[in-house]
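Q: Any chance you could fold what I've pasted below:
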Amino acid sequence: MPAVSKGDGMRGLAVFISDIRNCKSKEAEVKRINKELANIRSKFKGDKALDGYSKKKYVCKLLFIFLLGHDIDFGHMEAVNLLSSNKYTEKQIGYLFISVLVNSNSDLIRLINNGIKNDLASRNPTFMNLALHCIAFASEIPRILVAGDTMDSVKQSAALCLLRLNRTSPDLVPMGEWTARVVHLLNDQHLGVVTAATSLITTLAQKSPDDFKTSISLAVARLSRIVTSASIDLQDYTYYFVAAPWLSVKLLRLLQCYPPPEDAALRSRLTECLETILNKAQEPPKSKKVQHSNAKNAVLFEAISLIIHHDSEPTLLVRACNQLGQFLQHRETNLRYLALESMCTLASSEFSHEAVKTHIETVINALKTERDVSVRQRAVDLLYAMCDRSNAKQIVAEMLSYLETADYSIREEIVLKVAILAEKYAVDYTWYVDTILNLIRIAGDYVSEEVWYRVIQIVINRDDVQGYAAKTVFEALQAPACHENLVKVGGYILGEFGNLIAGDSRSSPLVQFNLLHSKFHLCSVPTRALLLSAYIKFINLFPEVKATIQEVLRSDSQLRNADVELQQRAVEYLRLSCIASTDILATVLEEMPPFPERESSILAKLKRKKGPGNLPDIDDARRNVNGNTEHSEKTETTNKVTLVRTASAYLLNLNSTPTAGASLLVDVFSDSSTLASVEVSDENFPRFVCKNNGVIFENQLLQIGLKSEYRQNLGRMYVFYGNKTSTQFLSFSSSVTCNDTLKNHILSTSSVDPIIEGGAQVQQILNIECVSDFTDAPVLNVQFRYGGTLQNIAVKLPVMLNKFFQPTEMTSQDFFQRWKQLGAPQQEVQKIFKAKHPMDTEVTKAKILGFGVALLDRVDPNPENFVGAGVIHSKNTQVGCLLRLEPNTQAQMYRLTLRTSRDSVSQRLCDLLSEQF
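A: Residues are numbered from 1 along each chain as shown. Below is the predicted model:
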């Protein structure tokens, strides 16, 4: 790059920047900027031609003003003229200006393209690199990249330019004969070219792996030359005694796009490379500096990732596991974290699972002594992944021990994992019952409904454990303080199987009833409802306590209970016990039949919590070379745990009508994926185009209100759920669904309380980001139980493109100048439509302001017309918008015209706004 002479210092620019920094207020800054803009505009419009230095200086000032957040609507032509300069500094500023301020729809794009083509066609590498950094078309770049006479520095820029284009606009990158030639850049003598080309080939291979299969042999050959070379052989690319670490990492990532090589010689050579990397990791460090260990470990971990990806070399897998085991006690926290994370993946391989298990004591010690919570969480993940029948009891015991002091942020996840492991590897189901009850005792607040539902299902399905479960839960309930989840389990199990322990005087029917009823007043309404169902079960099982239970049901606290559900149960159960004969009671209240075997909802819940792809495989099956599964031993059908994407949520509905032969304690399994499709409510959607607050949905049960605020490309929406009834909403949940174009726009949603009391209101917060322009709106899905019936509601959320407007004030001259610049046919959308509402001037003004643009007074020659301007902010770009609304009161018609720099935006805004008048 040419040196910059002292004459290129641009003293005027330095003085201007100094003046801006010395401004004491925002008003002073705006005043100084307006003064400078007026001066620059007069210089550009003056009769005297400006030399290249003056143009460069003034264009630099405009660029600085734009970076301060002010709009720039002139100076573009002067910047384009700088592209034809033969001075590097002037050409550089011209390219910088058009890169930042000129979009692809500009009227100047043809002149810019000509300037770029001229620089690409020149043999000056400096000018070619400037053009590549500001490329506007993709067809020329592949030719430059694979041309034999292109300089190395230009090849690097061309490869990185193609990579950037492929990531941002993949449709612009032509796939042709150059794709076969670009692979051979892996053999280039210049390692900078190889590094850039490897990044490009990796990205392309992920999309079209078959087109770049030939890169495997070249990548292995290049990797072999690097790992076998001494650091002095690659002096220019040696980083703290590590030869070309960045290129090595990129080559290893490229090889992870493909399965193991089929050619035996090539496969052997790759194995030698990986063994060499593992051997070098064992060598004493050549430097004590952290940069040396970072570079060395970066290559090592990428090599281990490739070994895990191929999963075909037992020796390498075991060696990788042993190497990672050494890092488990390393003083560097990041290394311990990465080692635990990689070993989680190794634990799923049939070749390395046993090797991972040898480090169980080290992992348990890390769980107890590690200071960093993220490392402790990875240790829990690894214990979960390495668990099998031989060590299940030890691992579950250690997890339960750690649970008492675990961080609150990971307790729920540990509870789910303990529940899954206890069920998965339970040979003796008495151990399973003890484990789950202990789990509830230690961390009852974090035991979800799925866990205790699953316990009840398993106990009911297994005759051999029912008596033990009744005895154990009876003893657990005798503690002075019991968690409510334990009361639920106790009420259910004793209501079904209390007769199995009634022979002991210490657990007689009356003692069981008094024990349960002593917890009644401390429980929530759903638990009290379950206990009432257990009481009516007791009347069937133990006629001797019938009178005692009837007195409880007959009490004012039950028959006149403020909660409709409890009152109804008390009345119906009391009446049933009075009028029904013994035979009828025995039929109606008979024991629960076995549940059909279903997939575990606990595992599905854990997968939802961890996210797709983040949950280790704990099945007895370990993956073999071909990716299939081979069971090390047969497991009982009733003990099978299957990983599923769509969870079957186990819901105990105590209100449901019993099926033939069933009891009042009924289990209803609800799968969200099998629910009938719900019609999306959008009748109030248009009302929110020009306002941010109001009621979006309301029926006789629920009211949903919204309050929104937006700033540039970010927004926050407060959703209020109001229970209009006097009865609780149970199992209340909400989720937001989006199509593929919107999936990145909803950043996060806050959680909602699963129970909404009668007459209460709860709030949920949605954080929104406009990534790019969009048309569709997200849908809010709400589910809850009311009176035993599952309610499903879907509402279209008013997240629209105009919400991300930033109003822009403009003078009449600036407006019409910009209006002419946006004169291309595809940039304008016009619509003539009949007025749907009275044509009131003040209402129209309010709607235009509510739409998000600035209302510009005295801009249009016709004072009856409305003119507005604004900029839509998204994460990727900004789109300026000008609108003009022309009312015709005699014909009761409107003509709406919108001009933006993007045709899809113009059409969408026109459709939204035209529906408001």
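
Q: how about D753, phi and psi?
A: The phi/psi pair for D753 (degrees, to the nearest 10) reads phi -60, psi 130.

Q: quick one: contacts for it?
A: Applying Cβ atoms under 8 Å, 6 or more residues apart in numbering to D753 gives the contacts 732, 762. Every C-beta, even on glycine, is put in place using the N, C-alpha and C of the backbone.

Q: next one: N888
A: 894-895.

Q: ends of stretch 813-829, how far apart?
A: Terminal residues of stretch 813-829 lie 22 Å apart, using Cα to Cα, to the nearest Å.

Q: now stretch 275-295
A: One end of stretch 275-295 to the other measures 18 Å (Cα to Cα).

Q: Need the residues that contact that stretch.
A: 227-228, 231, 239-242, 245, 296-297, 299-300, 303, 316, 319-320, 323, 332.

Q: Among those, name the ones in helices.
A: The members of these that map onto helices under DSSP state H are 227, 245, 296-297, 299-300, 303, 316, 319-320, 323.

Q: From the contacts of stretch 275-295, keep the buried residues only.
A: Buried members of the contacts of stretch 275-295, counted by 16 or more other Cβ atoms under 10 Å: 227, 239-242, 245, 296-297, 299-300, 303, 316, 319-320, 323.

Q: Can you say which two of those residues are spatially most distant?
A: Using Cβ to Cβ, the pair of the buried ones among the contacts of stretch 275-295 lying farthest apart is Y240 and L316, separated by 26.2 Å.

Q: how about the helices in the stretch 251-400 of the chain?
A: Along the stretch 251-400 of the chain, the stretches classed as helices by DSSP state H, counting those that start in this stretch are 264-282, 290-310, 314-327, 333-346, 353-357, 360-369, 373-386, 392-403.

Q: And the ones you listed: which comes nearest I872?
A: Between I872 and the helices of the stretch 251-400 of the chain, the shortest gap by Cβ to Cβ is with helix 373-386, which sits at 38.4 Å.

Q: Mind listing what's buried along stretch 488-507?
A: For stretch 488-507, by 16+ other Cβ under 10 Å, it's 488-502, 507.

Q: brain fart, stretch 373-380
A: For stretch 373-380, using 16+ other Cβ under 10 Å, the buried residues are 374-380.

Q: for stretch 419-439, same thing?
A: Neighbour-count burial for stretch 419-439, with 16+ other Cβ under 10 Å as criterion, is recorded at 419-426, 429, 431-439.

Q: Please put the alpha-carbon coordinates of stretch 448-464 into CSV.
A: Extracted in CSV, the C-alpha atoms of stretch 448-464 (Å, rounded to 0.1, in the frame of the first residue of the first chain):
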residue,chain,number,x,y,z
SER,A,448,-42.0,-30.2,37.4
GLU,A,449,-45.4,-31.8,36.9
GLU,A,450,-43.8,-34.2,34.3
VAL,A,451,-41.7,-35.8,37.0
TRP,A,452,-44.4,-36.7,39.5
TYR,A,453,-46.8,-37.6,36.8
ARG,A,454,-44.2,-40.1,35.5
VAL,A,455,-43.8,-41.6,39.1
ILE,A,456,-47.5,-42.3,39.4
GLN,A,457,-47.6,-43.8,35.9
ILE,A,458,-44.8,-46.2,36.7
VAL,A,459,-46.2,-47.2,40.1
ILE,A,460,-49.6,-47.9,38.7
ASN,A,461,-48.1,-50.0,35.9
ARG,A,462,-46.0,-52.1,38.3
ASP,A,463,-47.7,-54.3,40.8
ASP,A,464,-44.5,-55.3,42.5
